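Q: turn this into a model:
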Amino acid sequence: MDIRDKQVLYEIKHKFGGSIYTISNANALRYQLSHKKGLMCLINVVNGLIRNPTRILQMNKLCVKYNINLLDTKPLTFNNG
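A: Residues are numbered from 1 along each chain as shown. Alright, predicted model coming up:
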């Protein structure tokens, strides 16, 4: 993620655990979550909220691996967009 989103990454880290690393030669950060408890919690929180087709495929692979049902994305409306 861009360095400007640093605060968001630290909030995610505080809630789910993990580590944040600076990427050399770039104004970017990398978030890494490796323990299963935090990963399962994160998957359940974002399940059904992802809209990018590539990311949905990646989420599907995670859901299959951890035996979780992939939720359909709800349509965007004026109030939830």
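Q: which strands and helices sit next to the top helix by length along the chain?
A: Ranked by residue count, the top helix of the chain under DSSP state H comes out as helix 53-65. If contacts are counted by 3 or more C-beta pairs under 8 Å, 6 or more residues apart in numbering; DSSP states H and E, helix 53-65 sits against helix 36-46. No exception for glycine: its C-beta is placed from N, CA and C like everyone else's.
Q: now do the helix it packs on and helix 53-65, the angle between them.
A: Orientation of helix 36-46 against helix 53-65 (axes from the mean of the first three to the mean of the last three C-alpha atoms, to 10 degrees) gives an angle of 130 degrees.
Q: going forward, the N-terminal residue is numbered 19.
A: Yep, numbering from 19; the last one is helix 54-64 now.
Q: picking that back up, quick check: buried residues in the longest helix of the chain?
A: Across helix 71-83, burial judged by 16 or more other C-beta atoms under 10 Å covers 77, 80-81.
Q: what do you get for stretch 24-40?
A: Of the residues in stretch 24-40, 27, 30-31, 34, 36 count as buried by neighbour count, 16+ other C-beta under 10 Å.
Q: stretch 62-71 too?
A: Buried residues in stretch 62-71, counted by 16+ other C-beta under 10 Å: 65, 68.
Q: give me the neighbour count for K92.
A: Neighbour count for K92, taken as other C-beta atoms under 10 Å: 10.
Q: my read is it is in a strand, agree?
A: No - assessed with DSSP: H, G, I helix; E, B strand; the rest coil, K92 is coil; it does not lie in a strand.
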